[in-house]
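Colleague: Output the structure for:
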Amino acid sequence: EQITKNCDSAITEFWLCDTSTFKRRCPEICASCPNTCEDTTSSVSVDEKLRTCEDADNNSRHYLCDDYEFAHNCPKTCHFCPINSNPPPTNPPNPTNPPVEDCLDSQDEFTISEIVDGQITPVIHRCDRYNSDLDPDFCDLDSFSSKCPGTCGTCPECEDKSSIVKVDGALELCDNANNNTNHNLCKSYEFAKHCANTCDFCPNDDPVDYGEY
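Modeller: Prediction:
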């Protein structure tokens, strides 16, 4: 039986705050908030690769921002700021042209744990290398589809659902984000997909120039 942990679990099971996931998702309980809301110019290792804040393309929903060390290094980019600091400035939404930059394929390599020769092994993937004929089941994996929503066709319609969605073991409604795209709930892929309008997690029909990688 799978046991779901949420932030409250770390109150009694304090060792959970040693994990990157809990430090990133539960910064108040784990006392893991950064001291400033300014990005640093130094690099940080993510999946054994050195990254700088610019690698997140100024997108707080970039998968790099899910990593605690990266978010701590780049709090402004990842909207991971101390409670008493001013939030990073955002442009007011245009109702005729809602933000659509979030639901895009990652242009970076990422790892997914697979069973290879009977052993659980991290395997490197890229969205642009995906072949639906060779790997028909990959888009059924949240770890893959959350990084490749364009490839997997998992970009939601730009509207909120009225039903509830489970986030870290808790049942949530779109209204719980208080119509705030920077709310912590919008950092959850499942919540953002469920509440696409609230979290500005909308499809992008325009070509994007990613520059050089």
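Colleague: Mind jotting down where the strands sit in the protein?
Modeller: 44-46, 49-51, 110-116, 119-125, 165-167, 170-172 (DSSP state E).
Colleague: Out of those strands, the one nearest Leu141 is which?
Modeller: Distances from Leu141 to each of those were compared by C-beta to C-beta, and the smallest falls on strand 110-116, at 6.8 Å. C-beta: built from backbone N, CA, C; applies to glycine.
Colleague: Give the buried residues for that closest one.
Modeller: Within strand 110-116, the residues that qualify as buried are Phe110, counting by 16 or more other C-beta atoms under 10 Å.
Colleague: Least confident of the strands of the chain, on average?
Modeller: For the strands of the chain, mean pLDDT drops lowest on strand 110-116, to a mean of 76.
Colleague: any idea how far that one is from the chain center?
Modeller: Relative to the chain's own centre, strand 110-116 is displaced by 19 Å; criterion: C-alpha atoms, centre = their mean, to the nearest Å.
Colleague: List the contacts of that strand.
Modeller: Here strand 110-116 makes contact (C-beta atoms under 8 Å, 6 or more residues apart in numbering) with 47, 63, 120-126, 138, 141, 143-144, 147.
Colleague: Let's have the strands of the chain in CSV, adding distance to Asn178.
Modeller: Shown next, in CSV, are the strands of the chain (distance: least, C-beta to C-beta, whole Å):
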stretch, distance to Asn178
strand 44-46, 30
strand 49-51, 31
strand 110-116, 31
strand 119-125, 35
strand 165-167, 15
strand 170-172, 12
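Colleague: To Leu16, which of those lies closest?
Modeller: Leu16 lies closest to strand 170-172 among these, at 15.6 Å (C-beta to C-beta).
Colleague: Point out where this protein drops to low pLDDT.
Modeller: Scanning the chain with the threshold set as pLDDT under 70 gives 1-5, 83-103, 132-136, 203-213.
Colleague: what ranges do the helices span in it?
Modeller: For the chain, helices defined by DSSP state H occupy the ranges 9-12, 20-25, 27-30, 68-73, 75-78, 142-145, 149-152, 189-194.
Colleague: Off-centre distance for the fifth one?
Modeller: What that stands for is helix 75-78. The answer for helix 75-78 is 12 Å, by C-alpha atoms, centre = their mean.
Colleague: about what we covered before: mean neighbour count and distance to Asn176 for the helices of the chain - can I get that in TSV?
Modeller: TSV is the format used below for those (neighbours: other C-beta atoms under 10 Å; distance: least, C-beta to C-beta, whole Å):
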stretch	mean neighbour count	distance to Asn176
helix 9-12	14	20
helix 20-25	20	15
helix 27-30	17	17
helix 68-73	22	22
helix 75-78	23	21
helix 142-145	16	21
helix 149-152	20	22
helix 189-194	22	9
